[in-house]
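1. Turn this into a structure:
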Amino acid sequence: MTKYGSFPGARPRRLRTTPAMRRMVAEYRLHPSDLILPAFVREGISEPVPISAMPGVVQHTRDTLRKAAAEAVAAGVAGIMLFGVPEDEKKDALGTAGTDPDGILQVAIRDVKAEVGDDLVIMSDLCLDEYTDHGHCGVLDSDGRVDNDATLERYAEMAQVQADAGVHVVGPSGMMDGQVGVVRDALDQTGHEDVSILAYTAKYSSAFYGPFREAVGSSLKGDRKTYQQDPANLRESLRELALDLEEGADMVMVKPALPYLDVLAKIADAVDVPVAAYQISGEYAMVEAAAEKGWIDREKAILETLTGVKRAGANMILTYWATEVAQGL
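-> As a prediction, the model looks like this:
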């Protein structure tokens, strides 16, 4: 005893004394191969179009998309998730541009495949919302509601044309009941057994999608609350997880990431397949906006958010900062 009382015997601060010490005992480390780059390619443009709500992100031309894919490979990024943005006049009630072999997404898949081959995992968004004139993720019935089973037929067609174009992974993202099983059957019956499915298992109806709507030129009327999950629900995600795995999902995903780290952790603890999380447009925009105001340190905030997502259990993180962060790592 001293006149000041007992000094602590356990001193966790000893392991924080220097940068080298902190690196040595770090429990989680980001790696370029953890990262997947979402990218938008727009039909009918000759120069990239900046997305105002997502500083630094653009709608690519076919040529600039190829360049972005090559840069991602050079940085060590694991994959690229492609979203097609068709010309407005090609949108219709059925989203037929999404199943046209010469539609913008299928063309982009072939372009990226020609540029980088198998050096980058090429993923594609399998959903109708970019291609419908009403902006919903499926076919509407006579009452204006999304018809689940009619939409599944369209998803089966999309899976086939995307696989024919050379994609490695399809990402059915519309949150239709039974979508993973239908897509798996469509791939297997057309000779595409090796194409993987990244299931959007827990995709919430979120306010953070706002900037994405600009990115894909969304024509959405109304909202998607009848098919995307209610932010209030957690157990529902575990039910969706069980169904997706039963239907043949190779990988599963939580979207958005940061507001749903608890969901991500629950799912990661429950499965033995790879788990992804999508750090979506609103999450990106918040950091960029606060950094632009000088309120936060941009680089540190980016790494902290990504580390948090990995710590919660993600093996893979879709982030618009993928190439930048990979280059820094």
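2. Can you name every helix or strand that the longest helix belonging to the chain contacts?
-> Looking across the chain with DSSP state H, the single longest helix is helix 148-165. In this structure, helix 148-165 makes packing contacts with helix 104-116, strand 121-126, strand 169-172, helix 179-189, judged by 3 or more CB pairs under 8 Å, 6 or more residues apart in numbering; DSSP states H and E. Where you see a C-beta, it was placed from the backbone N, CA and C, and this is true even at glycine.
3. If we use 10 Å, what do you get?
-> Packed against helix 148-165, as judged by 3 or more CB pairs under 10 Å, 6 or more residues apart in numbering; DSSP states H and E, are the following elements: strand 79-85, helix 104-116, strand 121-126, strand 169-172, helix 179-189.
4. Using PDB, write down the CA coordinates of it.
-> What follows is helix 148-165, C-alpha atoms only, in PDB (Å, rounded to 0.1, in the frame of the first residue of the first chain):
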ATOM      1  CA  ASN A 148     -44.100 -11.900 -56.000                       C
ATOM      2  CA  ASP A 149     -44.300 -14.900 -58.300                       C
ATOM      3  CA  ALA A 150     -44.500 -13.100 -61.600                       C
ATOM      4  CA  THR A 151     -41.400 -11.200 -60.500                       C
ATOM      5  CA  LEU A 152     -39.600 -14.500 -59.800                       C
ATOM      6  CA  GLU A 153     -40.100 -15.500 -63.400                       C
ATOM      7  CA  ARG A 154     -38.400 -12.300 -64.500                       C
ATOM      8  CA  TYR A 155     -35.500 -12.900 -62.000                       C
ATOM      9  CA  ALA A 156     -35.000 -16.400 -63.500                       C
ATOM     10  CA  GLU A 157     -34.600 -14.800 -66.900                       C
ATOM     11  CA  MET A 158     -32.200 -12.100 -65.500                       C
ATOM     12  CA  ALA A 159     -30.000 -14.800 -63.900                       C
ATOM     13  CA  GLN A 160     -29.700 -16.600 -67.200                       C
ATOM     14  CA  VAL A 161     -28.600 -13.500 -69.300                       C
ATOM     15  CA  GLN A 162     -26.200 -12.300 -66.600                       C
ATOM     16  CA  ALA A 163     -24.600 -15.700 -66.400                       C
ATOM     17  CA  ASP A 164     -24.400 -15.900 -70.200                       C
ATOM     18  CA  ALA A 165     -22.600 -12.600 -70.100                       C
END
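5. quick one: buried residues of it?
-> 148, 151-152, 154-156, 158-165 (16 or more other CB atoms under 10 Å).
6. from memory S281 sits against G56, does it?
-> No - distance between S281 and G56: 11.9 Å, which falls outside the contact criterion (CB atoms under 10 Å).
7. Overlap of the contact sets of those two?
-> Taking CB atoms under 10 Å, 6 or more residues apart in numbering as the contact definition, S281 and G56 share the neighbouring residues Y320.
8. Neighbour count: the two, which is higher?
-> In this comparison of S281 against G56, neighbours counted by other CB atoms under 10 Å, the higher total goes to S281 at 24 against 11.
9. So that one versus G171, what's the distance?
-> S281 is 16 Å from G171, where distance means CB to CB, to the nearest Å.
10. try G144
-> Computed with CB to CB, the distance linking G144 and G171 is 26 Å.
11. for D164, same thing?
-> Relative to G171, D164 is positioned 17 Å away (CB to CB).
12. show me what contacts the residue lying closest to G248 once chain neighbours are set aside?
-> Computed as CB to CB, 6 or more residues apart in numbering, the closest residue to G248 that is not its neighbour in sequence is R184, at 3.9 Å. Taking CB under 10 Å, 6+ apart as the contact definition, R184 lies against 156, 159, 170, 172, 192-193, 195-197, 199, 247-250.
13. so is the nearest residue to V25 once chain neighbours are set aside in a helix, a strand, or just coil?
-> Sequence neighbours aside, L15 is the residue nearest to V25 in space, at 5.0 Å (criterion: CB to CB, 6+ apart). Reduced to three states with DSSP: H, G, I helix; E, B strand; the rest coil, the structure at L15 is helix.
14. higher neighbour count, G144 and G171?
-> For the pair G144 and G171, the greater number of neighbours falls to G171 (26 against 10), based on other CB under 10 Å.
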